[in-house]
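>>> need a 3D model of the following:
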Amino acid sequence: MTHEYIYFPRGSARIGTLMLDANVTKELDAVAKYGSGFRDEPARQRIAGLLDRLGDAEVLAMPGFGAAEGDMRRAFRKTDYSNYHRRTAHARSLINENRDALRRWAAGEDVEPVAVDPESMGQKRTEDIFRIAVDSFLRPSYALLLQAYWAYLTDPIPIRALRSVARVAEETYGRGSREMLLAILLITGTETGRKLALNIMKLHSEWGLDETLNRIWNTSFDLTYTRLAVAMPLHGSLPEPVVFATADKHLGKLLETISPNGGWRGANGLPMPEDAVDFDGLVQDELFYRVDDILSATRRATAANTMSPEQIATIRRVNAVKHIERLEANFAKRYAA
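You can find the predicted model right below:
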């Protein structure tokens with residue numbers, strides 16, 4: 001099969017919970033809305049591969065973050081969230097009760113649009129949930145990636161640049177995160193490693209202010225979502241295994257370097273996901289051990305933290321806003337020149 005979704009963690013085992021990236025929910029939404037009127041060969045191949053893997057097994061479909069990506073913008077704006085509710089309902093319907101219709105569509109048969117009644121949790125409740133996700137997850141991630149890209153552009157000394165990112169990671173509790181891994185590839189990477197980071201961020205060339213900030217925000221969204229696929233099983237709240245599916249080949253390349261190693265609990269009792277990362281050929285040889293020292297130090301600090309989850313969340317939010325304001329002002333000056 002030429003076109004396939006990329007799954008994280010990798011493997012071909014059964015799926016207990018399926019977390020869908022925005023590009024997957026978009027394709028399922030089109031099938032549900034148009035039936036046979038939607039024809040896209042790469043999408044058909046990807047969906048056929050997903051159906052082969054699912055078989056007839058029951059699965060918990062979680063389109064949440066993927067369905068919400070269009071409504072969780074860097075700058076908050078009023079919306080009725082109807083697209084989010086529709087995409088969510090369509091994905092759940094086709095993965096579960098209307099999976100046979102999806103199979104027939106993938107086989108090239110005539111299929112009518114799928115009628116669903118989008119579940120609405122109310123405007124205020126949806127808005128509150130989105131704000132919590134933005135404040136607690138996306139903004140801390142965005143602050144860290146802003147610092148990484150700023151350091152990449154402005155500091156010619158890689159280890160010094162990486163330490164500036166590590167300081168922001170410390171203040172936003174992003175130590176050992178995927179954002180930190182992306183910063184390592186961007187700042188201390190070989191040509192291959194740096195290209196991988198820039199591909200994921202879609203920033204091979206510099207753009208204007210808004211486009212640059214939006215692309216960094218979108219990268220934060222992707223990294224946050226993949227982190228949830230590893231972190232959520234540690235809380236024991238979802239059918240396992242939890243698998244993230246995406247059609248983004250660049251994000252998939254990054255995920256190929258990461259192998260989930262379960263998790264551990266810090267001094268405060270919080271479950272922490274642990275990844276094994278293969279930097280072979282991706283980080284400059286002469287910088288490899290210094291990068292490893294930085295990562296080891298941040299991991300020790302995370303393990304020793306005794307703060308409560310509530311304290312950590314508050315500090316993350318406050319410090320993320322502080323760094324975002326500083327860095328967005330820096331970028332504004334750069335692009336105004």
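>>> now do the SS call for the spatially closest residue to residue 93 that is not a sequence neighbour.
Closest residue in space to residue 93, ignoring its immediate chain neighbours: residue 116 at 5.0 Å, by Cβ to Cβ, 6 or more residues apart in numbering. Bear in mind the C-beta positions are built from the backbone N, C-alpha and C, glycine included. Of the three states, residue 116 takes coil according to DSSP: H, G, I helix; E, B strand; the rest coil.
>>> any idea how many residues pack against residue 116?
Burial of residue 116 is recorded as 19 neighbouring residues (other Cβ atoms under 10 Å).
>>> for the chain, what's the longest helix?
What stands out as the longest helix in the chain, according to DSSP state H, is helix 309-336.
>>> quick one: buried residues of it?
Within helix 309-336, the residues scored as buried using 16 or more other Cβ atoms under 10 Å are 312-313, 316-317, 319-320, 323-324, 327-328, 331.
>>> in this structure residue 85 contacts residue 118, no?
Yes - at 3.9 Å, residue 85 counts as touching residue 118 under the criterion of Cβ atoms under 8 Å.
>>> more crowded one of the two?
Counted by other Cβ under 10 Å, residue 85 and residue 118 do not tie: residue 85 has more neighbours, with 20 against 15.
>>> the residue nearest to residue 114 when sequence neighbours are not counted and residue 55, how far apart?
Excluding the flanking residues, the one nearest residue 114 by Cβ to Cβ, 6+ apart is residue 32, at 4.2 Å. Distance, residue 32 to residue 55, by Cβ to Cβ, to the nearest Å: 21 Å.
>>> ok, residue 215 next?
37 Å.
>>> with neighbour numbers in mind, choose between these two.
Neighbour totals were compared for residue 215 and residue 55, and residue 215 leads with 18 against 10 (other Cβ under 10 Å).
>>> excluding its backbone neighbours, what's nearest the more buried one?
Spatially, and ignoring its direct neighbours in sequence, residue 215 is nearest to residue 202 (5.0 Å; Cβ to Cβ, 6+ apart).
>>> now the residue nearest in space to the middle of the chain: which helix or strand?
Nearest to the geometric centre of the chain sits residue 222, at 2.3 Å (Cα atoms, centre = their mean). For residue 222, the host element (DSSP states H and E) is helix 209-231.
>>> dump the very next helix or strand once past that helix to CSV, restricted to CA.
From helix 209-231 onward toward the C-terminus, using DSSP H and E, the following helix or strand is strand 242-246. Extracted C-alpha coordinates of strand 242-246, given in CSV (Å, rounded to 0.1, in the frame of the first residue of the first chain):
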residue,chain,number,x,y,z
VAL,A,242,-3.5,4.0,23.1
VAL,A,243,-2.3,4.7,19.5
PHE,A,244,-2.0,8.1,17.8
ALA,A,245,-2.6,8.2,14.0
THR,A,246,-1.5,10.9,11.6
